[in-house]
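> Kindly generate the corresponding structure for this input.
(2 chains, ligands or ions: 2)
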Amino acid sequence: MSVLAPAATVGLGQAINQALAAELAADRKVLVMGEDVGVLGGVFRVTGGLSERFGPERVRDTPLGEAGIVGTAIGLALRGYRPVCEIQFDGFVFPAFSQITTQLAKLRSRSRGRLAVPVTIRIPYGGRIGAVEHHSESPEALFAHTAGLRVVSPSNAQDAYDMTRAAIACPDPVIIFEPKSLYWSKGELVAGAERARDGDTLNQARLARRRPGAAVTLAAYGPSVPQALAAAGQLAGEGVEAEVIDLRAISPIDFDAIERSVAQTGRLVVVHEAPVFFGAGAEIAARITERCFYLLEAPVLRVGGYHLPYPPALLEQAYLPGPERVVAAVRQALAF
Amino acid sequence: MPFAQAPAPTAPAPGRSGDRLGPASAEPRRPDLGQLRSFYRDMALTRAFDRAATALQRQGELALWAPSLGQEAAQVGSAHALGPHDWVFPSYREHGVLLSRGVDPRRLLGLFRGADNGGWDPSEQRVHLYTLVVGAQALPAVGYGIGLALDGDPGAVVVYLGDGATSQGEVCEALVWAASCAAPVLFLIQNNGWAISTPTRTQARVELARRGEGFGVPGERVDGNDAEACHAATAAALARIRAGEGPQLIEALTYRIGPHTTSDDPSRYRRPEEEAEWAARDPLALARARLEELGAADAAFFAEVEAAGEALAASAREHCLGIKPERLDQVFEWAYATPHALVAEELATLAAPGGPR
Ligand SMILES: Cc1ncc(C[n+]2csc(CCOP(=O)(O)OP(=O)(O)O)c2C)c(N)n1
Ligand SMILES: [Mg+2]
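Numbers count the residues shown, from 1 in each chain, chains lettered A, B, ... in the order given. Ligands and ions are numbered 1, 2, ... in the order given. This is a model prediction of the structure:
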């Protein structure tokens, strides 16, 4: 009885708003909570209108404390609720880090599978919005490194919608890293898709091929997907056809699909805004080297942030991996 | 009534504007006219600078600005009570505190322009850098105070926090530590009614002045739009700290007249009547009225202050346009004190043929 709405063109943030509304409407155990998510609708307006529609009990303006937001969400989840927490910006998740890593991630295994903690944490992340300190970071590796959490990051409106609904339905805790630079970027959205209720929903968030190509594979996620696509466009002008794949999920990573692409191209460049040192790209490089050493024509290369505190905004263009740095890495891979 | 809900931060009734709220209100007041003029001057300069910075943001020269509009009395009054040995740990809106301490407020512009992450030397005027992570400066402030005490230094630390910040677990730990270690720390909470769109009653169901009580940090509420009252309360709290009475807390009840930042639109969440009520208690206008009532300042004084404000505002623009952003190679240089192989390797790629990777 799935009711598919006709496709509409909406921004990525608006798609998340629609997904939250659909989940709040479908299940009265779903709660939205965070700083300023109510009347204001969040600083990015992603929760706009939800408080008016579902009331302040279910769309909850919390006191100012991230440990409090996540910690109480854990308790509510143990009580049968499905809280969706908003962390206002990437750099402000750390007061909640203890609750996320010591409680949220571990309660299922500690209880021998008896306890479910279906908490969703939404974190606007990444740079390119010219923001002041702590508002542009990409801390996803810290969470992907933590067993017990699922970590995803959409790059377009449809994925944002699907992932949000899937995350809320998932019995595991899920962290959604939302690319804030793409909140206003418009895409087609078919909303109202029937919510998948099986426990494996997020494994369906398999990577997607965004552009075919035979010379090199560019793997990216979230805000780096448009950058990889721009690089592929430049490379096409030079006669180099790059395949662009969108990982969508960072834990787990769809290594099978990366391997299939690399089997065709023999070269892999991973792009993300987070620092490359101990980043997602490091894990991908290691796994792909282990899995298909003999298929590789060049070492797996990574393009990302430097091993620096995120610099002042006027420097972020030089810090973040844009098309030029991706193209430079591709040339290096081709030269092997 | 320990469990009563804190009164919403409505403006005190007219006619009481000069009174301190709380237990010390009975103290007689002996105004020092020179001091009142200096409060007014710094408040007016703060106002002028804040206006200029807001305009710079509107013109696209700053990424963001967090206005201090309406909080000048709480900031200037309290800061003037600090002695030369004392230290300030601010959050991000204490422009009036900086100005009063002698930090050139134009040095704030780099942070909000995205050119640097804190543009002054904290040791010069004993003012730590701004902290954008709400409440994160509280524990370091207490640690600094513990250090001062260990050294036998006569200084104290004043840590500035918002009403929202008091909810952070770290701020509660800071109260615990300060009390446990009898650290020379004054927690100065500017309750400006709002944490972005969240009213103070979401953070606290008792007066914030009482937030520290159970931790062993006594507090009082003061009229935050009255510079004299803020000054007197801060001076008294610092005196108690220096007398060995341990950490203290002040709730300065004030109001954020402007938006949270230039990105914010308060009409989405608060009533215009509330704004009007507080605008009628503009701390700068109150300070001026007080000077006039006491005959403590003439037209020439006000004209001179206004001219100084205009000059500061004009120079703010010039300064802002002339800011040299940090360079990426400098960020590499400042990342570690001693050589770090990975940083050196990455720095080398900046200059690599074929461009950085
Ligand atoms: C740890 C953390 N969480 C969230 C934010 C986003 N944020 C910035 S200011 C603010 C409200 C702070 O309110 P308050 O402490 O009352 O200070 P005010 O802004 O009113 O001066 C919030 C939620 C942040 N900067 N840091
Ligand atoms: Mg406040």
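
> From now on I want contacts and neighbour counts done on CA atoms only, so please keep to that.
Will do.

> Show me what from the stretch 101-250 of chain A comes close to chain B.
Applying CA under 8 Å from any CA of the partner chain, one finds that the stretch 101-250 of chain A approaches chain B through A:130-134.

> list the contacts for B:Gly162?
B:91, B:189-192, B:195 (CA atoms under 8 Å, 6 or more residues apart in numbering or on different chains).

> quick one, phi psi at it?
Dihedral pair for B:Gly162: phi -90, psi 170, per degrees, to the nearest 10.

> can you name the two of the residues of the stretch 101-250 of chain A next to chain B that are farthest apart?
Of all pairs drawn from those, the widest gap by CA to CA lies between A:Gly130 and A:His134 and measures 11.4 Å.

> which residues of the stretch 151-300 of chain A fall in helices?
A:157-169, A:224-237, A:255-265, A:280-292 (DSSP state H, counting those that start in this stretch).

> and of those helices, who's closest to B:Asp226?
Once the helices of the stretch 151-300 of chain A are compared by CA to CA, helix A:157-169 is nearest, at 48.9 Å.

> Leaving out sequence neighbours, find the closest residue to the residue in the stretch 251-357 of chain B that chain A sits nearest to.
Going by CA to the nearest CA, chain A is nearest to B:Arg357 of the stretch 251-357 of chain B, at 4.9 Å. What sits nearest to B:Arg357 in space, not counting adjacent residues and going by CA to CA, 6 or more residues apart in numbering or on different chains, is A:Arg325, at 4.9 Å.

> Just confirm that neighbour contacts A:Val303, I think it does.
Yes - under the criterion of CA atoms under 8 Å, A:Arg325 makes contact with A:Val303 at 7.0 Å.

> Which of the two has more residues huddled nearby?
A:Val303 (26 against 21; other CA atoms under 10 Å in any protein chain shown).

> can you list contacts of the helix or strand hosting the more buried one?
Using DSSP states H and E, A:Val303 falls within strand A:301-305. With CA under 8 Å, 6+ apart as the test, strand A:301-305 has contacts from A:268-276, A:281-282, A:285, A:319-321, A:325-326, A:329, A:333, B:357.

> try 10 Å
Strand A:301-305 is contacted by residues A:137-138, A:218-220, A:224, A:267-277, A:279-282, A:284-285, A:316, A:318-322, A:325-330, A:332-333, B:346, B:356-357 when judged by CA atoms under 10 Å, 6 or more residues apart in numbering or on different chains.

> Kindly report the residues of chain B close to ligand 2.
B:162-163, B:192, B:194-195 (CA under 5 Å from the ion).

> okay, B:Arg357: pLDDT?
Predicted confidence (pLDDT) for B:Arg357: 70.

> From what I see, the residue nearest to B:Arg357 and A:Gln234 are in contact.
No - between A:Arg325 and A:Gln234 there is no contact, the gap being 11.7 Å when judged by CA atoms under 10 Å.

> on that earlier part again, which residues are in contact with each of A:Gly130 and A:His134?
A:Pro312.

> Report the strands that pair with the strand holding A:Val303, each with its relative direction.
Sheet pairing of strand A:301-305 (DSSP bridges) gives strand A:268-275 (parallel).

> I'd guessed A:Gln317 sits against B:Gly114; true?
No - judged on CA under 10 Å, A:Gln317 makes no contact with B:Gly114 at a distance of 12.0 Å.

> who has more neighbours, the two?
Counted by other CA under 10 Å, A:Gln317 and B:Gly114 do not tie: B:Gly114 has more neighbours, with 25 against 13.

> Could you measure from the nearest residue to that one once chain neighbours are set aside over to ligand 2?
With sequence-adjacent residues excluded and distances taken as CA to CA, 6+ apart, B:Gly114 is closest to A:Ala313, at 4.5 Å. Per CA to the ion, to the nearest Å, A:Ala313 is found 25 Å from ligand 2.
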